[in-house]
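[1] Requesting a structural model of the entry that follows:
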Amino acid sequence: PAAARPPRGPDRRWRVCTIGAVGIQKGYEVLLACARDAAARGLPLEFVVVGFSEEDPPLFETGHGFVTGRFTEEEAVALVRAQEADIAFLPSISPETWCYALSTAWKAGLEVAAFDLGAMSERIRQQGGGHLLPPSLEPATINDTLLGILDAHTPHGVAIGQSSSFRPDYRPSVPAVDSDGPDGCCSIFQFHGGSSMIGSVASAEAQQSIQIKATAQTLALAPGFYSLIVTNGGGAAAAGEFPLPSVQLAPSPGNHAGSSVEMIGSVPGNWLSKPGDTIIIKVSGGPATVILSSYKHVDRPNALLSLQFSRIDDTPGTQQAAAAPAPVAAPVQSAPIPAPVQAPSAVRPRAEILAHVQRQGDLRFADSTWAGAVGQRLWIEAFSITPVEGIAPEDLEYKGLTANGWETPWITGGGMCGSRGLGTPLIGFSIRLRGAAAERFDCVYEGAFVSGYRSPAGQSGSPCRSDAIGDALEGILLRFVEKQRPY
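    Modelled structure (predicted):
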């Protein structure tokens, strides 16, 4: 059962405890923003990390953030209790599969505030003992919500200095009967029509607007025919409602003048929102880029569409050759068949990797060396591999998996895989060779991840990921190895 919360004295701050190794995926940037907002508005809130964070000094500089340092598993509960915190805040921005920090907080007698994601959401809904927040909340609104949970009478204002207070609506769930969980109810906060960043709440009579989060992904396509199909997720929307989640495909405005992109969709406007929705894309006249825009409800970040993207014509160059007119036959003179010439030894392919690294931008690396800021806990948001020698661009393909669940299509050599400027890390990738290069060489690759995990060597398009869910990629190692020929 949660410990009784003593009233706050006039000179005392409410103490909020965060537990564990607080990296980017565990919500470090959310926590830092909350501490900065508390300092800027003079809120009676302070945040203590029982463990360590992505970067401790910025937390210290706020005057509202503290860090205890690393601890052993046996010390965890006693160390949390020693902080005499009023509530625990676990700001993970990626879905957890269990969350030991939640168990530790409960064992220490603390209620928990967390985002409505993954196993933390499931466990708090089932067991009680916590408060679930929409993942899209601004830091100021999170702080106002924490103060509202701790003491509705504590004055705190709103983010722009208005005198009115912000109180979210909530509905308590039925308390759980499982004896292994803490007593108490679970509050699910549902914000209507405004936030403390605005300083006002829409009237109940006003029509509620839909809060939509949009992201964009560029796809570089060689000339040919492609299909994009929804295989799972989504569904039919009621008349007059915007379908969420949904995806729209459109040509990029920056394509070369000679290239052309034509699209035929099963839904007007090239929208995809339910299984079976399809778009056929024809690229001609040269390579072109299309933009894939994804839309989802801010309160349902895990509601996604499963998309299958594939090329539906032959390999590049085949169709053009088939469509070309046949030359007029000319007389052929017989000639002696030349003796076979021994093929020269294969030249090992060389390639250059460009990695777009968090807070550092584009960095270039040669193959056989680690690409990225390995060991600096800076993730890779996008990368390209450009052949330099011994391999044609169309014989090299790669794809990536982003932290928001989008798997890119296979991209040919030189194209950018991932996104720039969206702050979305890659969490996996694959590389493969095709054509003549695949007959003579294997591409062997490894991945380094922010958690410190190093993947075993993979090849021939096998996926390279960390064994930890949501672990961001920070390094790529690629080598080309000549195949052993049978004698």
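[2] what about stretch 414-431, distance to the chain center?
    Its chain's C-alpha centre lies 10 Å from the corresponding centre of stretch 414-431 when counted by CA atoms, centre = their mean, to the nearest Å.
[3] Could you pull up the residues touching Leu221?
    Residues near Leu221 by CB atoms under 8 Å, 6 or more residues apart in numbering: 261, 281, 283, 287-290. The way it works is simple: take the backbone N, C-alpha and C, and place the C-beta from them, glycine included.
[4] Let me know the closest of those to Pro58.
    Set against Pro58, the nearest of the contacts of Leu221 by CB to CB is Thr289 (36.9 Å).
[5] Quick one: residues in contact with stretch 64-81.
    By CB under 8 Å, 6+ apart, stretch 64-81 touches 13, 17, 19, 31-32, 35-36, 38-39, 43, 45-53, 56, 58-60, 83, 88, 104-105, 107-110.
[6] and it, how far apart are its ends?
    Stretch 64-81 has its terminal residues 19 Å apart, counting by CA to CA, to the nearest Å.
[7] What residues of that stretch count as buried?
    64-68, 71, 76-77, 79-81 (16 or more other CB atoms under 10 Å).
[8] Now Gly27: closest residue in space that isn't a chain neighbour?
    Pro91 (2.9 Å; CB to CB, 6 or more residues apart in numbering).
[9] any idea which element Thr104 lies in?
    Element membership for Thr104 (DSSP states H and E) is helix 100-107.
[10] and whatever helix or strand comes next after that helix, what does it pack onto?
    Remark: after helix 100-107, the chain's next helix or strand is strand 112-115, criterion DSSP H and E. Counting contacts by 3 or more CB pairs under 8 Å, 6 or more residues apart in numbering; DSSP states H and E, strand 112-115 is packed against strand 87-90, helix 100-107, helix 118-127, strand 130-133, helix 139-150.
[11] so which of these comes closest to Gly405?
    Checking these against Gly405 by CB to CB gives helix 118-127 as the closest, at 12.7 Å.
[12] How far off centre is the closest one?
    22 Å.
[13] for the chain, which helix is longest?
    Looking across the chain with DSSP state H, the single longest helix is helix 28-41.
[14] neighbours of the spatially closest residue to Ile212 that is not a sequence neighbour, just the number please.
    Spatially, and ignoring its direct neighbours in sequence, Ile212 is nearest to Tyr295 (5.5 Å; CB to CB, 6+ apart). Under the neighbour criterion other CB atoms under 10 Å, Tyr295 is assigned a count of 19.
[15] where do the helices sit along the stretch 251-400 of the chain?
    Taking DSSP state H, counting those that start in this stretch as the criterion, the stretch 251-400 of the chain contains helices spanning 318-323.
[16] in it, what spans have low per-residue confidence?
    Where the stretch 251-400 of the chain drops to pLDDT under 70, the residues are 301-302, 314-346.
[17] Can you show me the strands along it?
    260-265, 271-272, 278-284, 288-297, 306-311, 350-357, 361-366, 380-389, 396-402 (DSSP state E, counting those that start in this stretch).
[18] Indicate which one of those is closest to Val230.
    Among those, strand 271-272 sits nearest to Val230 (CB to CB), with 5.0 Å.
[19] ok, the nearest residue to Ser284 once chain neighbours are set aside - contacts?
    Using CB to CB, 6+ apart and skipping the chain neighbours, the partner closest in space to Ser284 is Ser260 (4.9 Å). Shown in contact with Ser260 (CB under 8 Å, 6+ apart): 282-285, 288.
[20] now swap in Ser227 and tell me
    Ser227 neighbours (CB under 8 Å, 6+ apart): 278-281, 308-310, 312.
[21] Separate out the buried members of these.
    279-281, 309.
[22] Can you tell me which of those residues comes closest to Ile353?
    Out of the buried ones among the contacts of Ser227, the member with the shortest distance to Ile353 (by CB to CB) is Phe309, at 23.0 Å.
[23] Ile124 - nearest residue in space that isn't next to it in sequence?
    Gly130 (3.8 Å).
[24] partners of that neighbour in the sheet?
    Beta bridges link Gly130 to Val112, Cys186 when assigned by DSSP bridges.
[25] what do you get for Gly51?
    Gly20.
[26] Give me the number of neighbouring residues for it.
    By the criterion of other CB under 10 Å, Gly51 has 21 neighbours.
[27] who touches it in this structure?
    Per CB under 8 Å, 6+ apart, neighbours of Gly51: 18-22, 67-71.
[28] Looking at the residues you listed, which one is closest to Glu474?
    Of all the contacts of Gly51, Glu474 sits closest to Ala21, with 15.6 Å by CB to CB.
[29] The closest one: what's it in contact with?
    Contacts of Ala21 by CB under 8 Å, 6+ apart are 51-53.
[30] list the contacts for Ala438?
    Counted by CB under 8 Å, 6+ apart, Ala438 has contacts 395, 432.
[31] If you could redo that for Pro349, that was the one I meant.
    387, 389-391, 437, 441, 480.
[32] Could you do Ser455 as well?
    Taking CB under 8 Å, 6+ apart, one finds 446-449, 464-466 in contact with Ser455.
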